[in-house]
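Student: Sequence first, then the predicted structure, then my questions.
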Amino acid sequence: MDKLQAMQVFTKVVETNSFSGAAAALDMMRSSVTTAIQGLEAHLKVRLLNRTTRRISLTPDGAAYYERCLRILADVEDSENALSVSASPRGKLKVEMPGSLGRLVIVPALDDFHTRYPDIDLMLGIGDKAVDLVQSSVDCAIRMGPLQDSTLVARRVGVAEFVTVASPEYLRKNGTPQVLADLDRHVAVNYFSSRSGRIVAMDFVVDGKPVEVSMRSKLAANDGDAYLQCGLQGLGIIQVPHFLAYSHLQSGRLVEVLAPWRPMPFPVSAVYPQNRHLSPQVRAFIDWVAQRFEQCALLRTHHVSPNEIANSAARTAACLAAQSIADPAVV
């Protein structure tokens, strides 16, 4: 029996809470995963997992063995990385990120990433719904806004500035708000969280502090592309990341309102499971994303030179047709 492989199979079954999930993550047959667990239990002469037709749970011995396996596998990976520290990162890397951020900021620069790291095979998942990194065997995710999951390690990689916008048609019909008090006479399109179902209130920065404003609304969406389209169709005022609104502001299909009270910028973080060693591939990707955010003119609403805007817009022009919204520490 290959003890190291058996440990890897065991930890993956625990992390995915599924024999099938472990098999998919490790590119193995499900029967091979079952055989590996049975062989490991026979070798140790203890039951590691309680199995029913509906769920899997750790036995007390299994829980203790799982923690030891994590340390052993991390030590093995550390040893291998120490011997290949000068080598270029290589292997598969599975990452997830919000749709608009991926299409407009990350994807247009992937040629640079592959030039720097030609031996990394990137599996890019793009969508507004946050996935469970462990259950989905995701190595790293890019997330916007406050972080909720206390099981993840996070590194801040940048910020995304937001703008309040409406279509010219909406403003012709309803007037242009000049101060926040004018919003009492206006209608918003709301955005609600796919995870919690909670409406995300509009916010504005007043005297350096964020202030939430509740507006009348008969429409809410949890998909960024639908949310943006509602604003473009004149159905209400919306708040979106500047990189998402930029092309429409330039074309005149959207108009920024209440610019002196722009919303509080959203933090953007790279997150990964805390019980998973930070591989060279993940470290390389996070470093690259942080640099990309620092250089991307679309993320900023001001202090951007015309040349920066032109260069960034040119690189993202092919992606603008399909759009959607969306310190090392344990969070």
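Tutor: Yes, it's here.
Student: going forward, measure contacts and count neighbours with C-alpha atoms only.
Tutor: Will do.
Student: show me the contacts for the residue lying closest to Q178 once chain neighbours are set aside.
Tutor: Using Cα to Cα, 6 or more residues apart in numbering and skipping residues adjacent in sequence, the residue nearest Q178 is L258, 6.3 Å away. Remark: with contacts taken as Cα atoms under 8 Å, 6 or more residues apart in numbering, L258 is in contact with 164, 177-180.
Student: I'd like to know how far the residue nearest to A221 when sequence neighbours are not counted sits from S217.
Tutor: Closest residue to A221 apart from its sequence neighbours, by Cα to Cα, 6+ apart: Y191 at 5.1 Å. Separation of Y191 from S217 (Cα to Cα, to the nearest Å): 10 Å.
Student: distance between the ends of stretch 74-94?
Tutor: The first residue of stretch 74-94 is 19 Å away from its last residue (Cα to Cα).
Student: Now do the same for the residue nearest to M97 when sequence neighbours are not counted: helix, strand or coil?
Tutor: Distances taken as Cα to Cα, 6+ apart place I142 nearest to M97, at 4.8 Å, with adjacent residues excluded. Classification of I142 using DSSP: H, G, I helix; E, B strand; the rest coil returns strand.
Student: which residues pair with I142 across the strands?
Tutor: Here I142 sits in beta bridges with A270, going by DSSP bridges.
Student: Run through the residues that contact it.
Tutor: 95-98, 268-271.
Student: mind checking how far it is from L133?
Tutor: Noted for I142: a distance of 11 Å to L133, by Cα to Cα.
Student: cool, and R185?
Tutor: Per Cα to Cα, R185 is found 43 Å from L133.
Student: the more surrounded of these two?
Tutor: Neighbours were counted for R185 and for L133 using other Cα atoms under 10 Å; L133 has more, 20 against 11.
Student: residues in contact with that one?
Tutor: Under the criterion of Cα under 8 Å, 6+ apart, the contact partners of L133 comprise 139-141, 272-273.
Student: What about the residue nearest to A221, how many residues nearby?
Tutor: Burial measure for Y191: 26 neighbouring residues, criterion other Cα under 10 Å.
Student: if I've got this straight, it is in a helix?
Tutor: No - going by three-state DSSP, the assignment for Y191 is strand, not a helix.
Student: What confidence value was assigned to S136?
Tutor: Looking at S136, its pLDDT is 79.
Student: thinking it is in contact with S18, fair?
Tutor: No - contact between S136 and S18 fails when scored by Cα atoms under 8 Å: they sit 11.0 Å apart.
Student: higher neighbour count, the two?
Tutor: Neighbour totals were compared for S136 and S18, and S18 leads with 19 against 15 (other Cα under 10 Å).
Student: Next one: the spatially closest residue to that one that is not a sequence neighbour from A63, what distance?
Tutor: Counting by Cα to Cα, 6+ apart, I56 is the residue found nearest to S18 once chain neighbours are left out, at 7.0 Å. Distance, I56 to A63, using Cα to Cα: 12 Å.
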